[in-house]
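>>> Just a sequence and a predicted model for now, questions to come.
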Amino acid sequence: MSEGGMRPRTAVDRVFWLSGAFLMLAMTGTMLYAVAARYFFNRPPLWSEDVPRTLFVWMVFATLGLAIKLGLNIRVTSLVDAMPRPVRLANEAVMHVLVLAMIGVLAWFTLPLLRLKWGTTMLSTGWSEAVLVIPMLGGLGIAAIYQARRLLGVLRAMRTGGDVREAQQSGAGMG
């Protein structure tokens, strides 16, 4: 059974893949503990909302770039596949430019949020609330790199006449 584009290929990809898996397990474990403490012992931990939320944010932004690289975004390509090749490639290039613009806007608005959260503390854990924002900048930076690489692949396909789907495993990431 082939996993196609779902499998991380480089050491960096494996680090993100394993980080996401570890953070998912940690989040699940903390939530199970919090639920058990609340419903079986009637003693919910004070941190039962903040820690799982923090782990979730870290998990999402740790794996964002890898998801972009593997093409795990959901796409409906019926209409695009029916278009002539030049129009399809131009559509793909515009889509990548728009995603890069969205990443830039998100990063731009994350900076003031980081400054705002830097001086505040989560009452339940004593952690700086910046722990909820820091992974956003890192994840968006990695996402921008991988999205730019996908855009360059489309531009290369436009120039050379190659197939963009083979070059970057576009689509649902299934190879």
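Noted; the coordinates are in hand.

>>> What residues of the helix or strand hosting Val35 count as buried?
Following DSSP states H and E, one finds Val35 within helix 11-39. For helix 11-39, a neighbour-count test (16 or more other CB atoms under 10 Å) marks 16-17, 20, 23, 26-27, 30-31, 34 as buried. Backbone N, C-alpha and C define where each C-beta goes, glycine included.

>>> From the contact counts, what lies against that helix?
helix 50-70 (3 or more CB pairs under 8 Å, 6 or more residues apart in numbering; DSSP states H and E).

>>> quick one, the helix it packs on and helix 11-39 angle?
150 degrees (axes from the mean of the first three to the mean of the last three CA atoms, to 10 degrees).

>>> tell me which residues of helix 50-70 are tucked away?
So helix 50-70, judged by 16+ other CB under 10 Å, has buried residues 50-52, 54-59, 61-70.

>>> what sits up against it?
5-6, 8, 13, 16-17, 19-20, 23-24, 26-27, 30-31, 34, 73, 122, 124-125, 127, 131-132, 135-136, 138-140, 142-143, 145-147, 149-150, 169, 173 (CB atoms under 8 Å, 6 or more residues apart in numbering).

>>> would you put the C-alpha positions of the following helix or strand past that helix in CSV?
Downstream of helix 50-70, the first helix or strand assigned by DSSP H and E is helix 78-82. What follows is helix 78-82, C-alpha atoms only, in CSV (Å, rounded to 0.1, in the frame of the first residue of the first chain):
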residue,chain,number,x,y,z
SER,A,78,-12.9,19.3,-11.1
LEU,A,79,-13.2,22.7,-12.7
VAL,A,80,-9.5,23.5,-12.6
ASP,A,81,-8.6,20.2,-14.2
ALA,A,82,-11.0,20.9,-17.1
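
>>> hmm, back to that, where's the helix holding Val35 relative to the chain centroid, distance-wise?
The chain centre lies 16 Å from the centre of helix 11-39; the measure is CA atoms, centre = their mean, to the nearest Å.

>>> Also compute the angle for the longest helix seen in the chain relative to helix 50-70, please.
As assigned by DSSP state H, the longest helix anywhere in the chain is helix 85-118. Orientation note: helix 85-118 sits at an angle of 160 degrees relative to helix 50-70 (the same axes, to 10 degrees).
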